[in-house]
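Q: my questions are about this predicted structure, shown below with the sequence.
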Amino acid sequence: MAEETVEQAVGHAHPVQLGADDALDFRCDCSRDCFTDCCRDVSIILTPYDVLRMKRALRIDSGTFLDRYAILSCTRDKKLPVVLLRMNAGDKRCPFVTQGGCSIYAHRPWACRMYPLGQAQPDHPTPTERGHYFLMREEFCHGHGQGKGTRTVREWIREQGIDTFEMMGASFERLMLNESWQKQEPLSPDKLAMYLMACFDLDRFRRFVFETRFLELFDVHEDRAEALKTNDEELLEFAMDWLRFSLFQEKTMRLKANAAEAKRRTPAGEAAAAGH
Ligand code: SF4
Ligand code: SF4
């Protein structure tokens, strides 16, 4: 993954705040003169579930996806790592856009489904203080002012298949809303690598679970362990539990008795149990 700051990457829109039951005065289809103009020079923040769906659509592993199509960035306070979809170097178009539209449409990321809607987070988000929707009006987009009364924000979200992405993104959101991010220093290089692997490089995370001493140290029910071998969605949920345990010491994982004893006795045992 290449790197840039999120301030360099994210452009400026003119947001209008909306509620879920507000009318969305917008229409988009392939007859527009602006068709696919929104797929150029755009900052698309990827969630772990976006990466899962896109690598599956492309039939490549997660590491290859990240190498080819991702840029590593971070939030303004430098505490939260962010993964962005990499635009083509020359024409700055999305690597998946074609004359006929998005070549991975059924698997396009959350942000593409939402557009022209965005979802703003409060300055200090918590599980109870959620963000609001906003409408981005950008000059290149000619879909505004042509769909009044046809649908609400809530209906748009359902039509675009966003519900599935929100459901699959809930564990990641819970991880990102953890108050500990605000309190602690930016992640150390080791922890950053662990975070990126567990969130975005699921195929490597699977090898970490099955090809190291991980299952000797952690008590994972055999049915769950079996599912983790082939089911990416299960693995992603498990990865979020693992990160909450290892980054924030939440009780989302249980050490086996011998590993817990080693953790009590020595710092080295603790490091081993945490997977460092
Ligand atoms: S992923 Fe598809 S919808 Fe999103 S920017 Fe690329 S081509 Fe456009
Ligand atoms: S109307 Fe807006 S969202 Fe639709 S194709 Fe045109 S620029 Fe993209």
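A: Structure's in. What do you need? Computed from a predicted structure; not experimentally measured. Ligands and ions are numbered 1, 2, ... in the order given.
Q: tell me which residue lies nearest the centroid of this protein.
A: In the chain, the centroid-proximal residue (C-alpha atoms, centre = their mean) is Thr47; its distance is 1.0 Å.
Q: now that residue. Nearest residue, chain neighbours left out?
A: Gly169 (5.1 Å; C-beta to C-beta, 6 or more residues apart in numbering). C-beta coordinates here come from the backbone N, C-alpha and C atoms, glycine included.
Q: again, but for Ile162
A: Nearest to Ile162 is Arg113, by C-beta to C-beta, 6+ apart, at 5.1 Å.
Q: neighbours of the one you found, just the number please.
A: Neighbour count of Arg113, defined by other C-beta atoms under 10 Å: 18.
Q: count of neighbours near the residue nearest to Thr47?
A: Using other C-beta under 10 Å, the number of residues around Gly169 comes to 19.
Q: that older thread, quick one: residues contacting the residue nearest to the centre of the chain.
A: 109-110, 165, 169, 172 (C-beta atoms under 8 Å, 6 or more residues apart in numbering).
Q: how about TSV for those, with pLDDT added?
A: Shown next, in TSV, are the contacts of Thr47 (pLDDT from 0 to 100):
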residue	pLDDT
Pro109	97
Trp110	96
Phe165	93
Gly169	92
Phe172	93
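Q: so which of those are in helices?
A: With DSSP state H as the criterion, helices contain 110, 165, 172 from among the contacts of Thr47.
Q: any idea which of those is the one closest to Met194?
A: Phe172 (15.0 Å; C-beta to C-beta).
Q: quick one: residues contacting that closest one.
A: Per C-beta under 8 Å, 6+ apart, neighbours of Phe172: 47-49, 199, 236, 240.
Q: make CSV from those residues and add secondary structure and pLDDT to it.
A: Converted to CSV, those look like this (DSSP: H, G, I helix; E, B strand; the rest coil; pLDDT from 0 to 100):
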residue, secondary structure, pLDDT
Thr47, coil, 96
Pro48, helix, 97
Tyr49, helix, 97
Cys199, helix, 97
Leu236, helix, 98
Met240, helix, 97
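Q: enumerate the positions of stretch 244-264 that are buried.
A: Using 16 or more other C-beta atoms under 10 Å as the test for burial, stretch 244-264 gives 244-247, 252-253, 255, 259, 262-263.
Q: turn the contacts of Thr47 into JSON lines, columns for distance to ligand 2.
A: What follows is these, written out as JSON lines (distance: C-beta to the nearest ligand atom, whole Å):
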{"residue": "Pro109", "distance to ligand 2": "14"}
{"residue": "Trp110", "distance to ligand 2": "15"}
{"residue": "Phe165", "distance to ligand 2": "18"}
{"residue": "Gly169", "distance to ligand 2": "22"}
{"residue": "Phe172", "distance to ligand 2": "25"}
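Q: among those residues, which ones lie close to ligand 1?
A: Pro109 (C-beta under 6 Å from any ligand atom).
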